[in-house]
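Q: sequence-free structure coming up:
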């Protein structure tokens, strides 16, 4: 009898967005080599999402009600700190839709900005700019499943080749969150 340690049989992923045109139906895979298929799917999603967010849409005109709230506000909606000459009042907006979201201080507005990698990535035969940090949420990853997801992760997914022949790797962070 041969003992196998591979128990992953498939995955289901879908993209969610406040912009319905960017949402996707569930992508369900069950078959041979599901972990490679999963990581390939995640890398493709990263490319698509980076392309979506690389086109910044200017903020739409504020409504008169939004403008009145903006003028009357004395503190940041996000952190609660008062506005001052050193803590400026700014309009936080969605760069994909152009929708005004809320009033914030300049510090919070910068912290809420998408994190950019800013590196040229090589994946397969194509080079592309990886623009944003892609958060991925897993259901039930805290126990059994985490072992398989992490065990099958390959460095090729975060590898960069410099023009000078150097090789570097992106950081991969795992942030546990137990509810």
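A: Thanks, I have it. The structure presented is a predicted model; accordingly, all values stated were derived computationally and were not measured.

Q: find the nearest non-adjacent residue to the most centrally placed residue in the chain, please.
A: A centroid search over the chain (C-alpha atoms, centre = their mean) returns residue 134, at 2.7 Å, as the residue closest to the centre. Leaving out its chain neighbours, the residue that sits closest to residue 134 by C-beta to C-beta, 6 or more residues apart in numbering is residue 46, at 4.8 Å. Yep, even glycine has a C-beta here, placed from its N, CA and C like the rest.

Q: and the one you found, how many residues sit next to it?
A: Residue 46 has 21 neighbours, counted by other C-beta atoms under 10 Å.

Q: and if you look at residue 43?
A: Neighbours of residue 43 (other C-beta under 10 Å): 19.

Q: could you pull out the buried residues of the helix or strand where residue 150 lies?
A: Mapping residue 150 onto the secondary structure by DSSP states H and E places it in helix 146-151. Residues 148, 149 are the ones in helix 146-151 that count as buried (16 or more other C-beta atoms under 10 Å).

Q: can you check stretch 42-50 too?
A: 43, 45, 46, 47, 49, 50.

Q: next SSE downstream of the helix or strand containing the first one?
A: Residue 43 is located in helix 34-53, with elements delineated by DSSP H and E. Counting by DSSP H and E, the next helix or strand C-terminal to helix 34-53 is helix 64-72.

Q: who are the packing partners of that following helix?
A: Secondary-structure packing of helix 64-72 (3 or more C-beta pairs under 8 Å, 6 or more residues apart in numbering; DSSP states H and E): strand 100-105.

Q: the strand it packs on pairs with which strands, and in what direction?
A: Here strand 100-105 is paired, per DSSP bridges, with strand 89-93 (antiparallel).

Q: list the contacts of the strand it pairs with.
A: Contact partners of strand 89-93, identified using C-beta atoms under 8 Å, 6 or more residues apart in numbering, comprise 59-60, 62, 70, 73, 76, 78, 83, 99-106, 108-109, 112.

Q: how big is the angle separating it from helix 64-72?
A: Using axes from the mean of the first three to the mean of the last three C-alpha atoms, to 10 degrees, the direction of strand 89-93 lies 150 degrees away from that of helix 64-72.

Q: switch to numbering from 6
A: In the new numbering, first residue 6, that becomes strand 94-98.

Q: how about strand 94-98: buried residues?
A: 94, 95, 97, 98.

Q: domains of the chain?
A: Using automatic domain parsing, the domains assigned to the chain come out as 15-58+120-174, 69-116.

Q: quick one: mean pLDDT over the shortest one.
A: Along domain 69-116, the predicted local confidence has a mean pLDDT of 90.

Q: the residue nearest to residue 139 contacts residue 140, correct?
A: No: at 10.9 Å, residue 51 does not count as touching residue 140 under the criterion of C-beta atoms under 8 Å.
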